[in-house]
Every structure is written in C-alpha cells, then in structure tokens.
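In: Would you be able to build a 3D model of this:
(chains A and B)
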Amino acid sequence: MTRRQWLCLAGLACLVPAGAQAAAPDLLEPGKAFRISARLLPESHILVRLLVADGYYLYRDKLRFSIEPASAQLGAPQLPAGTVKDDEFFGKVETYRGEITIRIPARLPPGADKLNLRVVSQGCADAGICYTPQDQRLVLNAMGDEALPAPPRSLLDSLEGR
Amino acid sequence: MNRLQQLFAFTAVALLALAAGLYFRTGEVESATAPPTPPGLMDAALADLKGVKTPLGTWKGKVLVINFWATWCAPCRKEIPAFIRMQQKLGPRGLQFVGVAIDEKDKVALYAREMGINYPILVGELDAVELSRSLGNQLGALPFTVIVDRAGKVVKTELGGVDEARLTQLIQPLLQ
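Out: Numbers count the residues shown, from 1 in each chain, chains lettered A, B, ... in the order given. Okay, here's the model as predicted:
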C-alpha cells in the first residue's frame, strides 16, 4: 500500500487529486491554449476567430492560411496589428493575445457548397515553453455556420497522414 | 467525547490528512517527472546534421543530457549557451549533451555554427516528437530536457528552460 493510500484511509487525502500531468501540471494542450473557429460570410469573406488563453501568445508572422479546393479563391488575410514584443532573439515580433478576428477574402468555386480551410499557427506560453506548429483544418459551408477544427494536431503529426 | 469535541477531532484529523496529502502529492509530481525509461531508448536513432542516422546508444556509458529544441523557440535558444559551457566544463568527466532539433536541418546547421555548439545535434520531425513523447513530453512542447545516467536510465525530465546551477547540481552525482 502506498503512502497516499494510507493517507487516504486516514482522512481526506484521497480527495486531493494526484498530479494530473507529470511534466507540466499547469500547461494547456495547444488546442485549448489556442482556440480557433471560422465561418464563410455571404459577402465572400472567411472570418477566422482566434482565442488565445491568458498567459499564451501566437506569433503573427507564423500564421498561414490556405484553402481547398485549389479552384477556390483566397485573398490576402487582413491580419490586425499585434502587440510588438521586443524578443531577445528574434528582435521586434508581433504577437497575438486574447481574441483576434481575421478576415480573408475568399470565394467558393461555382457549384461548390463548402471549402476546407487550413490554418498553421505557432505559439508559446509565458511560462517559457513553445508548442510545435499547429496545423488545423476546418470545413466551412456556404450557410455561414461556425466551424471548429478537426481534432487538433501538430504540423508534425500531420506528416504522419501524408 | 461530546459532539463538539468529536467535530473538533474529526476536523483536526481531516486537516492533518489534507496537509499530508498535499505534501506527498508534491512529492509524487516530483518523482513522476522521471518517467520510466522507454524500452530501446538507446536504439532510438535520428539523423545528424550530415544526414547520418545516429542512435542514442552512440554515447552509452556517458551521462547524457538530451535537449529537445528548435531554432524558432526562444526559450530553447536562451539555455543553449549554458549547455555549451557545461559541455566544455564537464565533458571530460563524462557528460554528453545531445541536442535533438525539431526543425529544418539547414536552419539548425546555421544556428549551430553561429553559436559554436560543441555537442552533437540530431534533427527530426515526427520521429523526434515521438521520441520526446515517449520520454513524457505529452504536450510536444519545447524546450524539453532529459537526463540519462551512465546505465542508460532516465533520471529526470524537465519541460521548459533549465537553470544552469540546478542542472549542474542534478548532474554532478551522476558523474561520480
């Protein structure tokens, strides 16, 4: 019997959950640290909403957007200005925190009723760790419904499925 | 014992147990940071900067510090000068740093040259991420550092930057 089990018998220790995550008890999964949703607006824009958890940030210049099918037209993303961070190693970089809305001109090909949006992003936690780039895919329909990404995965995970 | 005394006794025992639970819980998290050594760890092989597959067993018998990092990761860059210093100082006593970069080979090679990294660098993508996961890095985040003793057993893992003094303190007994 472990010390913990003895203590559990003795009183309330069993009510205290054991450390849930060994290596990083307080860090969020990247899919929870950086939430993303998107929808296709009737006036032919994609509206991407990023919600960055407190204590985390995304690099503005690491965001990449692409769509499928290739026949769909995608314009230049209208990225709002970020917060300028004077990084010790990378110089002045713009980061996103909190809620960010990005508009991307996009047009469905004739006859299509949906398109696949792929978003690659990379962010870090103020706690001093960085996540491998995240590769998320969302299916946007012509109805303008809000889409969430397919199960979050890292860019490197996606190589597996290639 | 009247009701009040009973309540007091129960509360005291409960608080004591809660405090003890919290105390030992901290201990559990600490000890849990050294995950079981994955089977075949020393056989795990990644490409070096020349593209040659190199197993970790190349350095068996040394105290290994495996540092997962990337050039795009600022906290990773921050600790590399300390690793260079430690390799220089403790290398002759059997310490061997091995950098595992989850990155593009050319960027890594350029950075290693610029920084004068004096220890071997392996480069990987999914294979390197999987290796770090097998060592307990479930978030796949960087930097992630693993200390392996001379027998090839994982002694400690750290997610996030490692302080030079603390790392030296952890390594010294293993070099004896």
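In: any idea how far A:Pro42 is from the most centrally placed residue in chain A?
Out: The residue lying closest to the centre of chain A (CA atoms, centre = their mean) is A:Phe34, at 3.7 Å. Separation of A:Phe34 from A:Pro42 (CB to CB, to the nearest Å) stands at 27 Å. Every residue, glycine included, has its C-beta placed from N, CA and C.
In: next one: B:Gly61
Out: B:Gly61 sits at a distance of 67 Å from A:Pro42 (criterion: CB to CB).
In: Identify all contacting residues around the longest strand along chain A.
Out: Counting by DSSP state E, the longest strand found in chain A is strand A:98-107. Identification of contacts with strand A:98-107 by CB atoms under 8 Å, 6 or more residues apart in numbering or on different chains yields A:40, A:44-52, A:58, A:63, A:65, A:67, A:72-80, A:115.
In: Point out where chain B drops to low pLDDT.
Out: B:1-34 (pLDDT under 70).
In: Break it into its domains for me.
Out: B:1-32, B:41-175 (automatic domain parsing).
In: Would you tell me which one of those is buried the most?
Out: With neighbours defined as mean count of other CB atoms under 10 Å in any protein chain shown, the domains of chain B peak in mean count at domain B:41-175, which reaches a mean of 18.
In: ok now it, how far from the chain's centre?
Out: Centroid separation for domain B:41-175 versus its chain: 8 Å, with CA atoms, centre = their mean, to the nearest Å.
In: and B:Leu122, what does it touch?
Out: B:46-48, B:54, B:98-101, B:128.
In: now, which of the residues you listed sits nearest B:Ala74?
Out: Closest approach between those and B:Ala74, by CB to CB: B:Ala101, at 14.5 Å.
In: Could you see whether chain B lies near whichever helix or strand comes after the longest strand of chain A?
Out: With elements assigned by DSSP states H and E, the helix or strand that comes after strand A:98-107 is strand A:114-121. No: between strand A:114-121 and chain B, judged by CB under 8 Å from any CB of the partner chain, nothing touches; the nearest distance is 12.3 Å.
In: Also stretch A:86-97?
Out: Yes: interface with chain B: stretch A:86-97 contributes A:87-90 (CB under 8 Å from any CB).
In: Show me where chain A has its helices.
Out: For chain A, the helices defined by DSSP state H cover A:3-10, A:30-33, A:155-160.
In: That'll do, ta.
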